[in-house]
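Student: Sequence plus the predicted model coming up.
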Amino acid sequence: MSHSQQTELPHQAVADLEPGYVSNNTSQGPLATEDSDKEKNIDNEGSALPQLSHRPPTTEDGYENQYHIEDKPDEDVQEGVREAEALTLTWTKKWLVAAYILMFLIYMVRAFEGSITGNLGPYIVSGFEAHSLIPIISIVSSIMGAVTYLTVARAVNVFGRLKGFVVLVGLATIGLILSATCTNIATYCAAQVFYAVGFAGMIFCIDIITADTSSLKDRGLAYAFTSSPYIITAFAGPKASEGFYQSNWRWGYGAFAIILPAVATPLCLIMFFNKQKAKKNGLLQPRKVSDRSVVQSIWYYAVQFDIFGIFLVAGGLTLFLLPFSIVATYADSWKTPSIIAMIIIGGVMLISFAFYERYLAPVPFIPWNLLVSRTVLGVCVFDFVYIIANGCWSSYYTSYLQVVYGVSISVAGYIDNAANVVNGVWLIVVGILIRKTGYYKWLMWPCVLVYILFTGLLIYFRNPDQSVGFNVMCQIFLALAGGALVIIMQVAVLAAGNHNDSAALLAILSTFGNVGGAVGNSISGAIWTHTLPEALASRLPAETIDLLNEIYESLDIQLSYPMGDPTRTAIIAAYGVGQKRMLIAGTAIMVICLICILFIKNIKVSEIKQVKGMLF
């Protein structure tokens, strides 16, 4: 929409917006607006507004879907955003419902697959005699995910949501195939790169589409719905993972290499069909043919995707974070020159990335004034700290349950996922609360306090002499608080910008979260590599002390000793020491979130209209 067509926001909404924010608001269409049909089609002077000549008065199913001239897709936004607006102005209620059902199913596939492979992962890595590499693999995956969000946000704005989604589904499928066929740790790690990029980008793309197709006040509810399949997969996933482990773990990946494309294809067809319909109706103009040469096109897209910026952030994160997990393999620990060099060079690259994006990048990922606004920066730092706190103690939880309590893979998965059943229902309640009150910040305070309280309680309860029931209780409350915080952060960061910035804002938020995950896993890995070997060395009986390295590296070997055996008792005690230190670190770090909340503005989302058309 041109500046002359912009709609003035209500006074309260304007007062709450960030400095430098430019409204891109428009009427929202039949589902999301409370205006009557009369108000939609009559201007302020009582005259009838002109209808789009290419829009039929009714759709083929009889549902009225009329929009006046101001509801045409904006011309001053990026191509992908314009396609999204044309989509919501074209499809009917039936298409909208079908799209959300399919997004729900894609989330279900992701949740089911993640539950299975998450439980199988420690055994697969242990099979390659590299159990201690779990945090390192997680760090690399987090780094790749961070880079993926930034790239995908730019790609779906430049090329469109549909093309980006298709490519990401393809990458995720390749990752699943490689994981199913890997024969060594190197191939498995390579598979995890495709897997991490594909799945992270695919779910991120679904989140962008959700933002495109929902009103801001209902967005929390929309996110709660699309992510609710974890209720269903909480118990089915662990049981399935146990079955795959006992028969052939490779089919745990192979099955989803078939299921994922089958479930994703119908959503692609819905988007394609309505995109073509929008072109036919004149809502979406054909993409202009470029007269650039091949070399000019390469340079153009290198600039558009900020290749140099991606190199700086990816290299910086890798060099800065990996030393925290691999330092234990060096004889002189932190004094090793290579470790020091990696941290220094990585830090310099990250600082250089910030200066490059601010002063030199021809096309920065996000407008600088929006990035450094109170709400965006406050929410992103909040997410960064929250994910660090969680990552400090969550990496070895299923291994801990199996070693300490002697439970099976499925039971460990049940315990780990038990909170998701309650959490799925609670997130819908959170979405309704945001919709009814119009505000989100008031929910952040109790959620953070609950999270700190129950993380602190785990310091006491996650000891070998405590009942597993207390662990489950704490996990449930942590999931309720953490799940609500995730939705609140998404709504808050999107409220600070407009529709054209939504993909970039979600990307920045997700990037901070992934970097936080890498930092959290680095802390977890550092504590683990410095705690477990020393604890084992001081506790293992004389007959197994020579097997210290083998025991440390393999979950299967740890579980091979029966409960009550002196070696198993020593392993259990060592796990308890490691978990306690991890939880202390996580609790202390989470306190910083209370400070972050002070910087976040309490924008009234019920008075901001960012998108248009047939909406959730």
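Tutor: Everything's here; your move.
Student: Geometric centre of the chain: which residue is closest?
Tutor: Nearest residue to the geometric centre of the chain (C-alpha atoms, centre = their mean): Ser510, 5.6 Å.
Student: distance of it from Gly469?
Tutor: Ser510 is 34 Å from Gly469, where distance means C-beta to C-beta, to the nearest Å. Every residue, glycine included, has its C-beta placed from N, CA and C.
Student: Could you do Phe382 as well?
Tutor: 31 Å.
Student: Could you check which of the two has the larger neighbour count?
Tutor: Shown here are Phe382 and Gly469; by other C-beta atoms under 10 Å, Phe382 has more neighbours (29 against 10).
Student: Now the residue nearest to the centre of the chain: closest residue in space that isn't a chain neighbour?
Tutor: Counting by C-beta to C-beta, 6 or more residues apart in numbering, Tyr149 is the residue found nearest to Ser510 once chain neighbours are left out, at 4.1 Å.
Student: what's near enough to touch Thr233?
Tutor: Neighbour list for Thr233: Met108, Ala111, Phe112, Ser115, Asn417, Asn420 [criterion: C-beta atoms under 8 Å, 6 or more residues apart in numbering].
Student: List just the nearest of these to Ser352.
Tutor: Ala111 (37.9 Å; C-beta to C-beta).
Student: Quick one: find the helix or strand in this structure with the lowest mean pLDDT.
Tutor: Here the helix or strand of the chain ranked lowest by mean pLDDT, DSSP states H and E is helix 11-16, holding a mean of 33.
Student: Which ones among the contacts of Thr233 map onto helices?
Tutor: Judged by DSSP state H, the contacts of Thr233 include Met108, Ala111, Phe112, Ser115, Asn417, Asn420 as members of helices.
Student: And the furthest pair within those?
Tutor: Met108 and Asn417 (13.7 Å).
Student: between the two, who's got more neighbours?
Tutor: Asn417 (25 against 20).
Student: Next, work out how far apart that one and Ala111 are.
Tutor: 9 Å.
Student: Check Cys205 too.
Tutor: 16 Å.
Student: repeat for Leu505
Tutor: Leu505 is 24 Å from Ala111, by C-beta to C-beta.
Student: so how many other residues sit close to Ser538?
Tutor: 12.
Student: you'd agree it is in a strand?
Tutor: No: using DSSP: H, G, I helix; E, B strand; the rest coil, the assignment for Ser538 is helix, not a strand.
Student: Need the pLDDT of it.
Tutor: pLDDT for Ser538: 89.
Student: Residues contacting whichever helix or strand Tyr460 is part of, please?
Tutor: Assigned by DSSP states H and E, Tyr460 belongs to helix 441-461. Residues outside helix 441-461 that contact it (C-beta under 8 Å, 6+ apart): 386, 389, 393, 430, 433-434, 466-467, 470-471, 474, 477-478, 480-482, 484-485, 488, 492, 580, 583-584, 586-587, 590-591, 593-594, 597, 600-602.
Student: Apply 6 Å and report the result again.
Tutor: 470-471, 474, 477-478, 481, 484-485, 488, 583-584, 586-587, 590, 593-594, 597, 600, 602 (C-beta atoms under 6 Å, 6 or more residues apart in numbering).
Student: Give the buried subset of these as a ChimeraX selection command.
Tutor: Here is the ChimeraX command that picks out the buried ones among these, judged by 16 or more other C-beta atoms under 10 Å:
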select :471,474,477,478,481,484,485,488,583,584,586,587,590,593,597,600,602
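Student: Show me the domain layout of the chain.
Tutor: What the TED database lists as the domains of the chain is 77-284, 307-362, 370-608.
Student: Ends of the second one, what's the gap?
Tutor: One end of domain 307-362 to the other measures 11 Å (C-alpha to C-alpha, to the nearest Å).
Student: now that domain, how far from the chain's geometric center?
Tutor: 23 Å (C-alpha atoms, centre = their mean, to the nearest Å).
Student: for stretch 230-247, same thing?
Tutor: Relative to its parent chain, stretch 230-247 has a centroid offset of 22 Å by C-alpha atoms, centre = their mean.
Student: Mind exporting the C-alpha coordinates of it to CSV?
Tutor: This file holds the C-alpha atoms of stretch 230-247, laid out as CSV (Å, rounded to 0.1, in the frame of the first residue of the first chain):
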residue,chain,number,x,y,z
TYR,A,230,2.6,-32.3,20.7
ILE,A,231,-0.4,-33.3,22.8
ILE,A,232,-0.9,-36.3,20.5
THR,A,233,2.8,-37.3,20.0
ALA,A,234,3.9,-37.0,23.6
PHE,A,235,3.4,-40.7,24.3
ALA,A,236,3.2,-42.2,20.8
GLY,A,237,6.7,-40.9,19.9
PRO,A,238,8.6,-42.6,22.7
LYS,A,239,6.9,-45.9,22.3
ALA,A,240,7.6,-45.8,18.5
SER,A,241,11.2,-44.9,19.1
GLU,A,242,11.6,-48.0,21.4
GLY,A,243,10.1,-50.2,18.6
PHE,A,244,12.4,-48.7,16.0
TYR,A,245,15.5,-49.2,18.3
GLN,A,246,14.6,-52.9,18.9
SER,A,247,14.0,-53.6,15.2
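Student: Let the chain start at 57 from now.
Tutor: Renumbered: residue one is now 57, and that last one reads stretch 286-303.
Student: Return the set of buried residues in it.
Tutor: Per 16+ other C-beta under 10 Å, stretch 286-303 contains these buried residues: 286-301.
Student: Distance check, Asp439 against Arg275.
Tutor: From Asp439 across to Arg275, the span is 16 Å (C-beta to C-beta).
Student: can you check Val661 too?
Tutor: 8 Å.
Student: Likewise for Ser284?
Tutor: 15 Å.
Student: for Val633, same thing?
Tutor: Distance from Val633 to Arg275, by C-beta to C-beta: 43 Å.
Student: what about these two, which has more around it?
Tutor: Arg275 (27 against 19).
Student: Just give the nearest non-adjacent residue to the more buried one, would you?
Tutor: In space, Arg275 is closest to Val547, 5.5 Å off (C-beta to C-beta, 6+ apart).
Student: just Lys333 next, same as before
Tutor: Thr146 (5.2 Å).
Student: What does Asn304 show for phi and psi?
Tutor: phi -160, psi 100 (degrees, to the nearest 10).
Student: Please list all residues in contact with it.
Tutor: Taking C-beta under 6 Å, 6+ apart, one finds nothing in contact with Asn304.
Student: Any regions of the chain where pLDDT drops low?
Tutor: Within the chain, the ranges that satisfy pLDDT under 70 run 57-127, 129-132, 175, 177-199, 201-202, 380-390, 475.
Student: helices or strands next to the helix or strand Phe367 falls within in the packing?
Tutor: According to DSSP H and E, Phe367 maps onto helix 363-377. When contacts are defined as 3 or more C-beta pairs under 6 Å, 6 or more residues apart in numbering; DSSP states H and E, helix 363-377 packs onto helix 190-214, helix 393-411.
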